[in-house]
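> Structural data only, the sequence is not supplied:
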RNA sequence: GGGGAGAUACCGAAGCGGUCAAACGGGGCAGACUGUAAAUCUGUUGGCUCAGCCUUCGUAGGUUCGAAUCCUGCUCUCCCCA
């Protein structure tokens, strides 16, 4: 199966420029995807583009990851993005290095194969580019009429939009188009890929290449990832889902995928895993047979978590999930050694309490509302207990005058507070 | 500049002298059910030393035994006229 067919059945093609498939059949081709270096970690929204590159490399072609050090400072008018912050160069380089490390989990950067991936940063060629040079060498090849015809621009010019379009934003497509031209010239890069919102920007690039060099370049976009319920993909109550384990623990990462809805899981497993068509179809069939087992979600979560965080972290995440959501696990919990316990509850909010205070015994209300921020007030705590919503070490708390002391400690050091089904708090006695 | 209406808890919105920590709806949180889902049903939704007490109805004063409710000043919002 060739690259285009591969993406097609995975539902990853929104738009593709005529001739793209032929170009890829003809020779080993180089393609790039742009990534904003606004943070020192990717989040799962980036993953679609990264997966496109992965499939691209699998198909024997050469992927480029373009860090948008320059473009990221401007802000794409098609996005809802407001003013971007200027990154200083030190931060930019730091982010770039961190991103490369994460990308290396998906792409082969370091082998000596001819299609090894490469990372480039448009800041490197934009920083010395003077305004005068830019408008002379780039601007004159593209008409304003052409630029105005883009949806991203049109939308902002139409009467009802709240703020005008700044000149800088207007220029964005030219700057991005120039990236493509630059990579075309320096790396023989003939294809740019991205989300469907990037189509207009990408075609400005192919147009620029055509007019300036008479060369031919191509575009391929994938649909915006959506959720069946209309929510934004990749967000949880606590914000973005990051690849960096410091920002999003492997457990939370695993849980994110596990909690996808049935319809989304079917879509996501095609996009975010490399499973072959037959495997996916078999899984989907199995899932429809017994939806409550959530085989799809589990497989999806396993594969992506392992890919991003490694086998060991995946196993801990699964173990943690079983402990947190399994039944009758008070004993299991008591038997856990400290290391496993801490790994399981990595990322759970923690609070400290002194041993002296605890050895004197402390009321559950004080513990939960005063010593920790698990619940905002004692009244709230009282109500939660009355409603059966509070757990201590996976045991339901039934009396609001319950005393907690040293003997309740797990591993002689920890207390596990549970509010509702999914909210845990770890108290450390020291 | 003139006239009118209004400001209530997370949001919307009742209340118009005591029985008001304030109806009702939404949202939030929790429980049951379930697949760590959806839908549904139930409870709860100011604080505390919790059968009681304390602070809240734009803001500052006043009337009254007693005010979210009446009076006055102030701030803000909306509408109409110029």
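Arrived safely, thanks for sending. Here the structure is a predicted model, which means the values were calculated and not measured. Residues are numbered from 1 along each chain as shown, chains lettered A, B, ... in the order given.

> Apart from its chain neighbours, what residue comes closest to the residue of chain A positioned farthest from its centre?
Ranked by distance from the centre of chain A (C-alpha atoms, centre = their mean), the top residue is residue A:360, with 46.2 Å. Residue nearest to residue A:360 in three dimensions, not counting chain neighbours: residue A:405, with 7.7 Å by C-beta to C-beta, 6 or more residues apart in numbering. For the C-beta atoms, the positions are set from N, CA and C on the backbone; glycine is no exception.

> Please report how far the residue farthest from the centre of chain A lies from RNA strand B.
Counting by C-beta to the nearest atom of the strand, to the nearest Å, the gap from residue A:360 to RNA strand B is 16 Å.

> if we can go back for a sec, phi, psi of the residue nearest to residue A:360?
With angles defined as degrees, to the nearest 10, residue A:405 shows backbone torsions of phi -140, psi -170.

> In this structure it contacts residue A:363, no?
No. Checked against C-beta atoms under 8 Å, the pair residue A:405 and residue A:363 is beyond contact range at 10.6 Å.

> and residue A:261, how far is that from residue A:226?
Noted for residue A:261: a distance of 11 Å to residue A:226, by C-beta to C-beta, to the nearest Å.

> Can you point out the buried residues in stretch A:171-181?
Under the neighbour-count criterion of 16 or more other C-beta atoms under 10 Å, stretch A:171-181 has A:171-181 buried.

> In contact with residue A:428: list those residues for me.
With C-beta atoms under 8 Å, 6 or more residues apart in numbering as the criterion, the residues that contact residue A:428 are A:350-353, A:413-414.

> give me that answer again for 7 Å
Contacts for residue A:428 were tallied using C-beta atoms under 7 Å, 6 or more residues apart in numbering; they are A:350, A:352, A:413-414.

> Wait, a strand at it?
Yes. The assignment for residue A:428 by DSSP: H, G, I helix; E, B strand; the rest coil puts it in a strand.

> and it, what are its bridge partners?
Here residue A:428 shows beta-bridge partners residue A:352, residue A:414, assigned using DSSP bridges.

> May I have the predicted confidence score for it?
Per-residue confidence (pLDDT) for residue A:428: 90.

> Please report the distance of it from residue A:286.
Between residue A:428 and residue A:286 the distance is 42 Å, computed by C-beta to C-beta.

> what's the answer for residue A:109, then?
36 Å.

> Low-confidence stretches in chain A?
Flagging of chain A using pLDDT under 70 yields the residue ranges A:74-86, A:159-163, A:237-238, A:327-330.

> Would you map out the domains in it?
The record assigns chain A these domain ranges, following automatic domain parsing: A:3-222, A:235-325, A:344-429.

> May I ask you to name the longest helix in chain A?
With residue count as the measure and DSSP state H as the assignment, chain A has helix A:167-187 as its longest helix.

> Could you give the separation of it from the chain centroid?
If you compare the mean C-alpha spot of helix A:167-187 with that of the full chain, they lie 25 Å apart, counting by C-alpha atoms, centre = their mean, to the nearest Å.

> do the same with stretch A:409-416
Distance of stretch A:409-416 from its chain centroid, counting by C-alpha atoms, centre = their mean, is 34 Å.

> Okay, buried residues for that stretch please.
Buried residues in stretch A:409-416, counting neighbours by 16+ other C-beta under 10 Å, are found at A:409-410, A:414-416.

> tell me which of those residues is nearest to residue A:422?
Comparing the buried residues of stretch A:409-416 against residue A:422 with C-beta to C-beta picks out residue A:416 as the nearest, at 13.4 Å.

> Would you state the strands of the stretch 101-250 of chain A in chain order?
Assigned strands in the stretch 101-250 of chain A, in chain order: A:118-121, A:189-195, A:218-222, A:235-236, A:239-240 (criterion: DSSP state E, counting those that start in this stretch).

> so which of the ones you listed comes closest to RNA strand B?
With distances scored as C-beta to the nearest atom of the strand, the stretch of the strands of the stretch 101-250 of chain A nearest to RNA strand B is strand A:235-236 (11.5 Å).

> List the neighbouring strands of the closest one plus their orientation.
Going by DSSP bridges, the partners of strand A:235-236 are strand A:239-240 (antiparallel).

> can you tell me if the partner strand touches RNA strand B.
No. For strand A:239-240, no contact with RNA strand B is found by C-beta under 7 Å from any atom of the strand; the gap never falls below 14.7 Å.

> Now the element after that strand, going C-ward?
On the C-terminal side of strand A:239-240, the nearest following helix or strand under DSSP states H and E is helix A:250-258.

> Check whether that following helix comes into contact with RNA strand B.
Yes. Contact of helix A:250-258 with RNA strand B (C-beta under 7 Å from any atom of the strand) involves A:255, A:258.

> just checking, what packs against that helix?
Under the contact definition 3 or more C-beta pairs under 7 Å, 6 or more residues apart in numbering; DSSP states H and E, helix A:250-258 sits against helix A:295-309, helix A:311-325.

> Quick check: which of the ones you listed is nearest to RNA strand B?
Proximity to RNA strand B (C-beta to the nearest atom of the strand) singles out helix A:311-325 among the helices and strands packed on helix A:250-258, at 3.5 Å.
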